[in-house]
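A.B. asks: have a look; sequence and predicted model below, questions after that.
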There are 2 protein chains.
Amino acid sequence: MDTDQKIMQIPLPTLKRLPIYYQYLTKMEREGVRDVSCAKIARDLGLVAVQVRKDLQLTGAVGRPKTGYQVSRLMRALSSTLGYDNKTEMFLVGAGSLGKALMGYKRFQEYNIGIAAAFDASEAAVGLEIGGTPVLPLSKFPSLCHRMHVKFGVICVPAEAAQEVADMMVSSGIEAIWNFAPVTLDVPDTVIVHNENLTASLSILLNKYKTSHPESERD
Amino acid sequence: MDTDQKIMQIPLPTLKRLPIYYQYLTKMEREGVRDVSCAKIARDLGLVAVQVRKDLQLTGAVGRPKTGYQVSRLMRALSSTLGYDNKTEMFLVGAGSLGKALMGYKRFQEYNIGIAAAFDASEAAVGLEIGGTPVLPLSKFPSLCHRMHVKFGVICVPAEAAQEVADMMVSSGIEAIWNFAPVTLDVPDTVIVHNENLTASLSILLNKYKTSHPESERD
DNA sequence: TTAGTATCGATATAATATTATCGATATAAA
DNA sequence: TTTATATCGATAATATTATATCGATACTAA
Ligand SMILES: NC(=O)c1ccc[n+]([C@@H]2O[C@H](COP(=O)([O-])OP(=O)(O)OC[C@H]3O[C@@H](n4cnc5c(N)ncnc54)[C@H](O)[C@@H]3O)[C@@H](O)[C@H]2O)c1
Ligand SMILES: NC(=O)c1ccc[n+]([C@@H]2O[C@H](COP(=O)([O-])OP(=O)(O)OC[C@H]3O[C@@H](n4cnc5c(N)ncnc54)[C@H](O)[C@@H]3O)[C@@H](O)[C@H]2O)c1
């Protein structure tokens, strides 16, 4: 009906799958595939076709009977829904080993995402440049953040320092935080926090393994 | 009734919250807190009390009216459920920037998890030692894996190489894979794969931000 | 042109997860 | 001792998510 991207609330489980579809389609496109059906996507990604179809419907994508979805159009629908259309500039705090890995990760560019600058409290880190991104003194964060209108912050400091960094980010104008520290941050509810808790995530694997291998349960 | 840890299938949403409770309790314990109620846990973690109670019930934890749960006992229930009781040794492949960050991460030890060795195809990486973990030539993986009965593999290689690494892991006896490469791995269904797709995860934040800030939606 | 078929889109059903409610019980205070 | 209350544990109700089904449609090939 209307071709504009409608802003709608997408269920979280679906939202988690959308980027997977996008990454998959990137590969298809590289391989020269023009059209793709829900059945094929589902087969390749270990899902079921109805679910894929229902997910894609939420992005406004429209397919055709018998042929499926046009890859390029489907990718446009997904990238619009996922926010890859607009450039996303992030400020990262904590240029330790994890922070540096993120700073050096080239593929964020494919999604129009960039780490504009990193900040660290340590003398040793300040002055470094990783993947073209400079590490600046923490004290510069508030002014630069306001000046550049940066809205996304990445927290890569030790757990103990995470809350104070979050506070500083919020007071500097940050509105969305990608948090790698294993703590629950307390922020105003106008600020969105997305936790990347790697240890918690690994724990899921441990439990799944344990559940599927009850014999290893000695003691 | 029976104090033994019963092996049961825990719903995935609950399983994702359990490690968060554990990390939270670690903090409480450090602060000298003896008992804690679902209401308090919920308040501090931004959840609702009933959900916390129901989650904890699945670990076999038992509380007392009026006082709540004993922190130490609750942590034991959680660590048993999450598999922290048994030592987990992992082999990591791909000692690049992300792999090195994981190798150097000290806090895995708190969960009885360790990276026993890392492997890399590049001459430059082989021979390094990060956080006490050596980087070995990839060719050593199969024999060492069999010999040491390592069951957990971590994939930190570029996307293009991930499937071949997974194949090698499976044929070497690996039964659970923590995969950081943004691809869907094809493995026998006796092997458990847990994907850590950081870009996909970040995309969720982009969408949430976009949805909550429709005004920034200028074309 | 017609028949056959793969696929979408919509709707209906089933499964799962969250939230509400309430009685039972342990502690603390009157 | 009795009363008040915070909390658990269980059950019930609701909400959300996943899956099944089926008609409509576009392509293919007879
Ligand atoms: N490295 C991993 O593999 C890994 C895994 C899971 C979780 N994490 C979490 O990610 C975060 C970062 O981990 P890491 O391994 O990179 O740690 P790290 O110690 O290597 O780096 C932390 C960096 O933060 C800086 N820093 C400390 N306090 C600061 C402050 N108040 N303001 C600004 N900078 C400050 C330090 O100078 C350092 O450069 C931690 O919260 C950690 O728990 C890391
Ligand atoms: N660095 C990040 O922040 C980040 C973010 C998101 C996803 N990832 C993903 O994590 C993975 C690793 O990323 P990275 O930044 O550490 O990459 P990297 O290039 O720094 O490291 C990759 C390492 O893998 C090794 N390698 C390549 N092919 C191999 C093979 N066949 N066998 C063994 N070793 C091999 C390389 O020698 C290198 O040491 C990639 O799949 C990447 O997409 C990384």
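C.D. replies: It's in. Numbering: from 1, shown residues only, chains lettered A, B, ... in the order given. Ligands and ions are numbered 1, 2, ... in the order given.
A.B. asks: contacts, neighbours, all on C-alpha from now
C.D. replies: OK.
A.B. asks: which residues touch the longest strand seen in chain A?
C.D. replies: Longest strand of chain A, by residue count under DSSP state E: strand A:113-120. Strand A:113-120 is contacted by residues A:84, A:87-95, A:103, A:108, A:126, A:133-138, A:140-141 when judged by Cα atoms under 8 Å, 6 or more residues apart in numbering or on different chains.
A.B. asks: and those, which of them are buried?
C.D. replies: Buried subset of those (neighbour count, 16 or more other Cα atoms under 10 Å in any protein chain shown): A:84, A:88-95, A:103, A:108, A:126, A:133-138, A:141.
A.B. asks: pLDDT of stretch A:88-99, averaged?
C.D. replies: Stretch A:88-99 carries an average pLDDT of 98.
A.B. asks: now do the end-to-end distance for that stretch.
C.D. replies: This stretch, stretch A:88-99, spans 17 Å end to end (Cα to Cα, to the nearest Å).
A.B. asks: what residue lies at the spatial centre of chain A?
C.D. replies: Centroid check for chain A by Cα atoms, centre = their mean gives A:Trp178 as the closest residue, at 8.1 Å.
A.B. asks: still on that earlier bit, of the buried ones among the contacts of strand A:113-120, which belong to helices?
C.D. replies: By the criterion of DSSP state H, membership of these in helices covers A:103, A:141.
A.B. asks: so after the biggest helix by length in chain A, what's the next helix or strand?
C.D. replies: Longest helix of chain A, by residue count under DSSP H: helix A:12-30. Sequence order places strand A:35-36 as the next helix or strand after helix A:12-30, per DSSP states H and E.
A.B. asks: what does that next one contact?
C.D. replies: With Cα under 8 Å, 6+ apart as the test, strand A:35-36 has contacts from A:67-71.
A.B. asks: Provide the strand pairings for the longest strand of chain A, with the direction of each partner.
C.D. replies: The strands beside strand A:113-120 in its sheet (DSSP bridges) come out as strand A:88-93 (parallel), strand A:133-137 (parallel).
A.B. asks: next, format the ones you listed as a markdown table and append distance to DNA strand D.
C.D. replies: Below are the strands paired with strand A:113-120 laid out as a markdown table (distance: least, Cα to the nearest atom of the strand, whole Å):
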| stretch | distance to DNA strand D |
| --- | --- |
| strand A:88-93 | 26 |
| strand A:133-137 | 37 |
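A.B. asks: out of the ones you listed, nearest to A:Met28?
C.D. replies: Taking Cα to Cα, strand A:88-93 is the member of the strands paired with strand A:113-120 nearest to A:Met28, at 25.0 Å.
A.B. asks: pretty sure A:Val126 contacts A:Lys140?
C.D. replies: No: with contact defined as Cα atoms under 8 Å, A:Val126 does not count as touching A:Lys140 (11.2 Å).
A.B. asks: how is chain A partitioned into domains?
C.D. replies: When chain A is parsed with automatic domain parsing, its domains come out as A:3-82, A:88-200.
A.B. asks: return the most buried member of those domains.
C.D. replies: domain A:88-200 (a mean of 18; mean count of other Cα atoms under 10 Å in any protein chain shown).
A.B. asks: can the longest helix of chain A be found next to DNA strand C?
C.D. replies: No: applying Cα under 7 Å from any atom of the strand, one finds helix A:12-30 separated from DNA strand C by no less than 10.2 Å.
A.B. asks: for the record, mean pLDDT for that helix?
C.D. replies: 98.
A.B. asks: that helix and chain B in contact?
C.D. replies: Yes: remark: helix A:12-30 sits within contact range of chain B at A:15-16, A:19-20, A:23-24, by Cα under 8 Å from any Cα of the partner chain.
A.B. asks: closest one of those residues to B:Glu31?
C.D. replies: Distance to B:Glu31 across the residues of helix A:12-30 next to chain B (Cα to Cα) is lowest for A:Lys16, with 35.6 Å.
A.B. asks: apart from its neighbours in sequence, what residue is nearest that closest one?
C.D. replies: B:Ile204 (6.6 Å; Cα to Cα, 6 or more residues apart in numbering or on different chains).
A.B. asks: so how far is DNA strand C from the closest residue to A:Leu198 other than its chain neighbours?
C.D. replies: Of all residues not flanking A:Leu198 in the chain, A:Phe180 sits nearest, at 7.6 Å (Cα to Cα, 6+ apart). Separation of A:Phe180 from DNA strand C (Cα to the nearest atom of the strand, to the nearest Å): 21 Å.
A.B. asks: quick one, phi psi at A:Phe180?
C.D. replies: When read as degrees, to the nearest 10, the backbone of A:Phe180 gives phi -100, psi -10.
A.B. asks: around ligand 1, which positions in chain A sit nearby?
C.D. replies: Residues of chain A found near ligand 1 (Cα under 6 Å from any ligand atom) are A:93-99, A:120-122, A:138, A:156-159, A:161, A:180-182, A:198-199.
A.B. asks: try it again with 8 Å
C.D. replies: Listed as neighbours of ligand 1 in chain A under the rule Cα under 8 Å from any ligand atom: A:93-100, A:119-125, A:138, A:155-162, A:164-165, A:180-182, A:197-199.
A.B. asks: in chain A, which ranges drop under the pLDDT threshold?
C.D. replies: Scanning chain A with the threshold set as pLDDT under 70 gives A:1-7, A:215-219.
A.B. asks: picking up where we left off before, make a markdown table from the domains of chain A and add distance to B:Cys145 to it.
C.D. replies: Converted to a markdown table, the domains of chain A look like this (distance: least, Cα to Cα, whole Å):
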| stretch | distance to B:Cys145 |
| --- | --- |
| domain A:3-82 | 28 |
| domain A:88-200 | 23 |
